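Q: give me the fold of what follows.
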Amino acid sequence: MDPAREDGDAKVIGYRLTLSDGRTIEVTGRDTLVGQPSGKGMFRVIGGLTPSTAYTVTVAAVTAAGAGPAATVTATTKAG
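A: Numbers count the residues shown, from 1 in each chain. Below you'll find the model as predicted:
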């Protein structure tokens with residue numbers, strides 16, 4: 001189920017980031033994408049990462065109906 005589609009063009013009220021190290025980060029309020037739906041990107045600094053380590057981050061938009069489908073990216077942090 002895609003909550004954003006089920007509710008039409010439901011407004012994104014936050015993002016849920018899930019990291020392969022087990023953390024979940026909820027991004028809400030002022031941190032949510034500004035200027036929607038401009039298509040401009042957003043960035044989020046994630047602290048506490050270990051150098052030279054591969055991480056997978058899954059990001060899902062959250063509407064009033066819940067989280068939509070997620071996008072996943074894997075990257076390796078730079079050496080310390």
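
Q: tell me where the protein has strands.
A: In the chain, the segments counted as strands under DSSP state E are 14-19, 24-28, 54-63, 66-76.

Q: rebuild those as CSV, extending it with mean neighbour count.
A: Bear in mind the C-beta positions are built from the backbone N, C-alpha and C, glycine included. Rendered in CSV, the data for the strands of the chain read as follows (neighbours: other CB atoms under 10 Å):
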stretch, mean neighbour count
strand 14-19, 17
strand 24-28, 13
strand 54-63, 17
strand 66-76, 13
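
Q: could I get the ones you listed as TSV with distance to Gly48 and mean pLDDT?
A: Converted to TSV, the strands of the chain look like this (distance: least, CB to CB, whole Å; pLDDT from 0 to 100):
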stretch	distance to Gly48	mean pLDDT
strand 14-19	9	92
strand 24-28	10	89
strand 54-63	11	94
strand 66-76	15	93
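
Q: the closest residue to Thr63 other than its chain neighbours: how many residues sit nearby?
A: Distances taken as CB to CB, 6 or more residues apart in numbering place Ala10 nearest to Thr63, at 3.8 Å, with adjacent residues excluded. When neighbours are counted by other CB atoms under 10 Å, Ala10 registers 18.
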